[in-house]
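S.K.: Model the structure of this input:
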Amino acid sequence: MAQIYEGMYLLDNAAVREGWDTAKSIVTNTLEKYGATILSARRWDERRLAYPIKGKNRATFLLAYYNVPGDAIPAMRRDFELNETVLRSLELAVDVVPDSEAEFVTAETSEDFKVPTPPDDDHVDFVEEPEDEFGNRPRREDRDEDSNSDDDDDDDSDDGDDSEDDDEAVSKTGKA
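M.R.: Reported below is the predicted structural model:
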């Protein structure tokens, strides 16, 4: 028996730049492959991700409503996981398609609708930590300590002239 599902799909912006209809068809063709009847599929938004996914900082979100037998969902999810264009997917069973969805689909299918080109900021800048002589990378705690170890002096004022500090140290210890 078919159930109505709401699916949210995060698409790689590189594919969206090549063409929205092509990127959208990757999702819709996969849904149809598993016997889904698509009720609506539209661009929801393009956003910065909370954390990098598959090396990307940004994605375009596609929102779809469709009827599909529940036993097709696991295989369909696996197809989305293996697809390089779909960064992440989420399917939820719903009772009805929201009434406002028809308005959004109509707007997207109109002739004057144009998907904005996603920004180029979609790659994660990865800085590799250098290895020590044993081939180990520093742990996070060690990196944090190293960044704070430069400021061992309790005196917050640093005028660049250390000669006065040296004179004070000599007078307290009596040694030069």
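S.K.: which residues are contacting the longest helix anywhere in the chain?
M.R.: For the chain, the longest helix by residue count, based on DSSP state H, is helix 20-33. With contacts defined as CB atoms under 8 Å, 6 or more residues apart in numbering, helix 20-33 is touched by 7, 9, 11-12, 15-16, 38, 41, 43, 60, 62, 64, 66, 68, 76, 79-80, 83, 85-86, 115. C-beta coordinates here come from the backbone N, C-alpha and C atoms, glycine included.
S.K.: all strands of this protein, in order?
M.R.: Using DSSP state E, the strands of the chain run over 2-11, 37-53, 56-69, 86-93.
S.K.: so which of those strands comes closest to Thr106?
M.R.: The closest of the strands of the chain to Thr106 is strand 37-53. By CB to CB, the value is 9.7 Å.
S.K.: ok, back up a step: now do the buried residues in the longest helix of the chain.
M.R.: For helix 20-33, a neighbour-count test (16 or more other CB atoms under 10 Å) marks Trp20, Ala23, Lys24, Ile26, Val27, Thr28, Thr30, Leu31 as buried.
S.K.: when you compare where that helix runs with where strand 86-93 runs, what's the angle?
M.R.: Computed by axes from the mean of the first three to the mean of the last three CA atoms, to 10 degrees, the angle separating helix 20-33 from strand 86-93 equals 50 degrees.
S.K.: Show me what the mean pLDDT comes to for helix 20-33.
M.R.: Mean pLDDT, computed over helix 20-33, is 93.
S.K.: what's the spacing between that helix and its chain's center?
M.R.: Its chain's C-alpha centre and that of helix 20-33 lie 21 Å apart, by CA atoms, centre = their mean, to the nearest Å.
S.K.: Using CSV, list the CA coordinates for that helix.
M.R.: The C-alpha coordinates for helix 20-33 follow below in CSV (Å, rounded to 0.1, in the frame of the first residue of the first chain):
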residue,chain,number,x,y,z
TRP,A,20,18.5,22.9,-12.0
ASP,A,21,16.3,20.6,-14.0
THR,A,22,19.1,18.1,-14.4
ALA,A,23,19.9,18.1,-10.6
LYS,A,24,16.2,17.9,-9.8
SER,A,25,15.8,14.9,-12.2
ILE,A,26,18.4,13.0,-10.3
VAL,A,27,16.1,12.9,-7.3
THR,A,28,12.8,12.5,-9.3
ASN,A,29,14.2,9.7,-11.5
THR,A,30,15.3,7.8,-8.4
LEU,A,31,11.9,8.2,-6.8
GLU,A,32,10.2,7.0,-10.0
LYS,A,33,12.6,4.0,-10.2
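S.K.: got the angle for that helix vs strand 2-11?
M.R.: If you take the same axes, to 10 degrees, helix 20-33 sits at 150 degrees to strand 2-11.
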